[in-house]
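build the 3D model from these lines:
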Amino acid sequence: MWRDRAVVLLARSLSSRRSGAAAMKLQCEVEVISRMLPTFGMRNRGKGTRAVLSVGRQEEKGSRERGPIYLMICTLKDKAGSRYKLQANIENLFSKFLNEGKATIRLKEPAVDICLSKADASNLKNFISAVGLAHKGTDANPLPLSRLTPAKTSEIEKPRAKLIITCKRDYPLTKNFPYSLEHLQVSYCKLARVDMRMLCLKKLQKLDLSNNHIKKLPKTIGDLACLQELTLHSNFLESFEVALCNSTLRHSLKSLDLSENKLKALPVQFCNFKELVSLKLDGNELVQLPFAVGKLAKLRFLTATKNKLPYLPNSFKMLVLENLDLFGNPFVKANPMAPDIQLKVPLSLLETASRITLSYRIPYGPQLIPNNICQDLSVAKTCDCGGPCLSSFIQTIVVMNLHQVSRTVVLVDSMGGTEAPIVCYFCSLTCYSMFLDKYLQSTRV
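Numbers count the residues shown, from 1 in each chain. Below you'll find the model as predicted:
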């Protein structure tokens, strides 16, 4: 049965190939286990070796007939390769874990199990199919095979997962970055923009472009679906693209370092990074944090030292942090008794309808209401009572002890303070009066 499945699989994947193509190869880890070891009271070492496997022909000298089909295994210690006959020589193929990049080829002679692991699942399926067809013979189903040749060192070496470049002369100009990279650091190379070749690294999890001259991020950096850590400190960034906030990075990015740039503000959509755990904003020109920063529910480490923050947004009190550092910001002095009153009585029809829409969580979108109203709803303020308000509200600045949101707080100023001003909104005069009563009572105590 497995032979029939092998024929079908290979026919689908290799239907366009012919016998003149290169030998089929697979890069993976291999362990050749003799089934005779238990007889002699011995065990296999249980560890695979990086290798290149090929299915090809061994031509006989002076013969015009096609030679038998072999499986050749080449390692760094044995580049010439060990060969195992395949035709009518396979006892079983274990392919239950193909999707995990694992398979085992059990040969009749010699009595060995060839265990494959850490292979690309798609390539492994094709390779196992070819092995199955080789076992059957190729009279009716010619395989894309050629003569077996020793593997090159570059083919056997383990795919490179990490590359660190800290000097401009080491930066590759004529060749691509290895597609297997998971961690790439390019620092002190005076890059004025993000190299588009980096955006082809689909396995990339960590990207460090610190200490360069980058002014703008390309929207396509959001296509790096596996990216978890992005480091951009000490560049010349002046803005953060909204498109990145709506990209696949929303679901993958856990650490973001934007320190030592020229950022003055972050977009409202910045709070779409719901998986963010660590955020560094030190040494910029920020005059405010995103108003919905409290929606970053997984955020645990936040630093925003040496910016131009006069106060913190209302949603800041929703954060649950491990470490917080806001030193060196020109925080204003809180004065709850001097509110900024923008309350309109009676409320406009638009304000009333908007508050009801948000309070009852009525679905809305640009297909139902004008897009500008959708944007207003998305940035609605939250009253101290929990209700929403848009353009009609009372605003005031109060003091908050930062230990309310963080376990560890770095001193806000050289005077040893751990308090910072936070803006508060009230949807009505009643809500503001209730707050004021509580505030006056607390000050008397």
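
between the two ends of stretch 329-344, how far is it?
Start-to-end span of stretch 329-344 (Cα to Cα, to the nearest Å) is 33 Å.

and stretch 382-395, by the same measure?
Length of stretch 382-395, first residue to last, Cα to Cα: 11 Å.

ok, now stretch 229-248?
13 Å.

do stretch 100-116 as well
11 Å.

chain center to that stretch: distance?
35 Å (Cα atoms, centre = their mean, to the nearest Å).

list of residues touching it?
Stretch 100-116 has contacts (Cβ atoms under 8 Å, 6 or more residues apart in numbering) with 26, 28-36, 48, 53, 71, 73, 84-85, 89-95, 97, 117-121, 124, 128, 131. All C-beta atoms are positioned from the backbone trio N, CA, C, and that covers glycine.

number of residues surrounding residue 348?
Per other Cβ atoms under 10 Å, the neighbour tally for residue 348 reads 12.

where along the stretch 1-150 of the chain do the strands fall?
Using DSSP state E, counting those that start in this stretch, the strands of the stretch 1-150 of the chain run over residues 24-34, 49-57, 69-75, 82-85, 90-94, 103-107, 112-117.

how is the chain partitioned into domains?
Following automatic domain parsing, the chain resolves into domains at 2-59+66-156, 162-308, 340-444.

picking that back up, separate out the buried members of the contacts of stretch 100-116.
26, 28-33, 53, 71, 73, 84-85, 89-90, 93-95, 117-119, 124, 128, 131 (16 or more other Cβ atoms under 10 Å).

so what's residue 54 up against?
Contacts of residue 54 (Cβ under 8 Å, 6+ apart): 23-26, 71-72, 74, 81, 148, 151.

just those residues now: which is nearest residue 433?
residue 26 (74.8 Å; Cβ to Cβ).

contact partners for the closest one?
Applying Cβ under 8 Å, 6+ apart, we find residue 26 in contact with 52-54, 116, 119, 123-124, 127.

from those, which single one is nearest residue 417?
Nearest member of the contacts of residue 26 to residue 417, counting by Cβ to Cβ, is residue 119, at 58.2 Å.

wouldn't residue 194 be in contact with residue 218 here?
Yes - judged on Cβ atoms under 8 Å, residue 194 makes contact with residue 218 at a distance of 5.4 Å.

where do the strands sit along the stretch 301-445 of the chain?
Using DSSP E, counting those that start in this stretch, the strands found in the stretch 301-445 of the chain span residues 301-303, 321-325, 340-341, 381-382, 388-389, 394-401, 406-410, 419-426.

out of these, which comes closest to residue 249?
strand 301-303 (18.1 Å).

buried ones in that closest one?
301-303.

what of stretch 211-222?
Applying 16+ other Cβ under 10 Å to stretch 211-222 flags 211-212, 214, 217-218, 221-222 as buried.

and stretch 423-437, by the same measure?
423-428, 431-432, 435.

in CSV: the buried residues of strand 301-303, plus distance to residue 107 and pLDDT.
Formatted as CSV, those follow (distance: Cβ to Cβ, whole Å; pLDDT from 0 to 100):
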residue, distance to residue 107, pLDDT
301, 54, 98
302, 59, 98
303, 59, 98
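
tell me the one of these nearest residue 394?
For these, the minimum distance to residue 394 (Cβ to Cβ) is 28.0 Å, reached by residue 302.

now render the domains of the chain as TSV, adding distance to residue 329.
Formatted as TSV, these follow (distance: least, Cβ to Cβ, whole Å):
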stretch	distance to residue 329
domain 2-59+66-156	49
domain 162-308	5
domain 340-444	8
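
among those, which is nearest residue 327?
Closest approach to residue 327 among those (Cβ to Cβ): domain 162-308, 4.7 Å.

first-to-last residue distance for the closest one?
Start-to-end, domain 162-308 (Cα to Cα) is 37 Å.

helices along this structure, start to end?
2-14, 121-136, 153-156, 242-245, 249-252, 349-359, 371-378, 429-444 (DSSP state H).

deepest in the core, which of the ones you listed is it.
The highest mean neighbour count among the helices of the chain, using mean count of other Cβ atoms under 10 Å, belongs to helix 121-136: a mean of 22.

report the mean confidence score over that helix.
Averaged across helix 121-136, pLDDT comes to 88.

which elements pack onto it?
helix 2-14, strand 24-34, strand 49-57, strand 69-75, strand 90-94, strand 103-107 (3 or more Cβ pairs under 8 Å, 6 or more residues apart in numbering; DSSP states H and E).

what about residue 369, how many residues nearby?
Counted by other Cβ under 10 Å, the residues lying close to residue 369 total 15.

check residue 196 too.
10.

list the residues that contact it.
218, 220.

run the last query once more with 7 Å
Applying Cβ atoms under 7 Å, 6 or more residues apart in numbering to residue 196 gives no contacts.

residue 339 now?
Residue 339 sits next to 394-396, 432 when contact means Cβ under 7 Å, 6+ apart.

cutoff 10 Å now
393-397, 424, 426, 432, 435-436 (Cβ atoms under 10 Å, 6 or more residues apart in numbering).

contacts only, for the closest residue to residue 313 other than its chain neighbours.
Using Cβ to Cβ, 6 or more residues apart in numbering and skipping the chain neighbours, the partner closest in space to residue 313 is residue 291 (4.6 Å). Taking Cβ under 10 Å, 6+ apart, we find residue 291 in contact with 268, 270-271, 313-316, 379-382, 423.

please redo it, this time with the cut-off set to 7 Å
When contacts are counted by Cβ under 7 Å, 6+ apart, residue 291 touches 268, 313, 315, 379.

distance of it relative to residue 360?
To residue 360, residue 291 is 22 Å away according to Cβ to Cβ, to the nearest Å.

which regions of the stretch 1-150 of the chain sit below the pLDDT cut-off?
Scanning the stretch 1-150 of the chain for pLDDT under 70 picks out 1-23, 40-46, 59-66, 138-147.

sorry, back to before: ok, the contacts of residue 339 vs residue 239, which is closest?
Among the contacts of residue 339, residue 395 lies closest to residue 239 (Cβ to Cβ), at 26.4 Å.

hmm, that closest one is touching residue 423, no?
Yes - Residue 395 is in contact with residue 423 according to Cβ atoms under 7 Å; the separation is 6.2 Å.

that older thread, quick one: the contacts of residue 339 as JSON lines, columns for pLDDT and distance to residue 410 too.
Listed next are the contacts of residue 339 as JSON lines, based on pLDDT from 0 to 100; distance: Cβ to Cβ, whole Å:
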{"residue": "393", "pLDDT": "95", "distance to residue 410": "32"}
{"residue": "394", "pLDDT": "96", "distance to residue 410": "32"}
{"residue": "395", "pLDDT": "95", "distance to residue 410": "28"}
{"residue": "396", "pLDDT": "95", "distance to residue 410": "26"}
{"residue": "397", "pLDDT": "95", "distance to residue 410": "22"}
{"residue": "424", "pLDDT": "94", "distance to residue 410": "24"}
{"residue": "426", "pLDDT": "95", "distance to residue 410": "31"}
{"residue": "432", "pLDDT": "94", "distance to residue 410": "32"}
{"residue": "435", "pLDDT": "92", "distance to residue 410": "29"}
{"residue": "436", "pLDDT": "91", "distance to residue 410": "32"}
